[in-house]
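S.K.: here is a sequence with its predicted model. Questions after.
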Amino acid sequence: MTKERTLSIIKPDATGKNHIGEIISTFEKNGLRIVACKMTHLKQQEAEGFYAVHKERPFFKDLVGFMMTGPVLIMVLEGENAVAKNRELMGATDPKKAKVESPQSIRARFADTIDENAVHGSDSLENAKIEINYFFKPEEICERTR
Ligand code: CMP
């Protein structure tokens, strides 16, 4: 087991429905620790840059538009196997699938559509490093001291 860091975003649908606390509680109860956190309303350039990997996909424009519809909570999560653990807690990208495969997952509990699916989580350790660097300076990440 290795300690890792991953990026999590609570998306505008979930912040709008007031689910921030329940989602964070799910992370904490399952061994993930918040070591950096900011709430912001993404600008178009920030959302496009973050999702640049999807820019050729048909859903790119709608995805960027949705991510600007309200505030997001962006976090760095730390823990053993944090990347895979976070993906497991989130459930499938499509909440309809998540509701069947993992009814206790975040997307099963708090999302209804693939376009508005409550949370984002890095899909690999390599991408986690890129995504964390995109939103946080090294000095904004708090080392655990106790
Ligand atoms: P996320 O994990 O934030 O990464 C990209 C997002 O694109 C994804 O969650 C979905 O919310 C959204 N999306 C919309 N349509 C699709 C699709 N067909 N496949 C994958 N992601 C999609």
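M.R.: Great, that's in hand.
S.K.: mind jotting down where the strands sit in the chain?
M.R.: Secondary structure of the chain (DSSP state E): strands at 3-10, 33-40, 72-80, 119-121.
S.K.: how about the helices in the protein?
M.R.: 12-16, 20-29, 44-50, 60-67, 82-90, 95-101, 106-110, 125-135 (DSSP state H).
S.K.: pull the CA atoms of the longest one into PDB?
M.R.: Below are the C-alpha coordinates for helix 125-135, written out as PDB (Å, rounded to 0.1, in the frame of the first residue of the first chain):
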ATOM      1  CA  LEU A 125      -1.600   8.700 -10.400                       C
ATOM      2  CA  GLU A 126       0.000  10.500 -13.400                       C
ATOM      3  CA  ASN A 127      -3.100  12.500 -14.100                       C
ATOM      4  CA  ALA A 128      -3.600  13.200 -10.400                       C
ATOM      5  CA  LYS A 129      -0.200  15.000 -10.300                       C
ATOM      6  CA  ILE A 130      -1.100  17.100 -13.400                       C
ATOM      7  CA  GLU A 131      -4.600  17.900 -12.100                       C
ATOM      8  CA  ILE A 132      -3.300  18.900  -8.600                       C
ATOM      9  CA  ASN A 133      -0.700  21.100 -10.200                       C
ATOM     10  CA  TYR A 134      -3.400  22.700 -12.300                       C
ATOM     11  CA  PHE A 135      -5.300  24.000  -9.300                       C
END
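S.K.: now Asn117: how far from the ligand?
M.R.: 4 Å (C-beta to the nearest ligand atom, to the nearest Å). In short, each C-beta sits where N, CA and C put it, glycine included.
S.K.: ok, the nearest residue to that residue once chain neighbours are set aside - contacts?
M.R.: Sequence neighbours aside, Ala111 is the residue nearest to Asn117 in space, at 4.4 Å (criterion: C-beta to C-beta, 6 or more residues apart in numbering). By C-beta atoms under 8 Å, 6 or more residues apart in numbering, the contact set of Ala111 is 13-14, 95, 98, 117-119.
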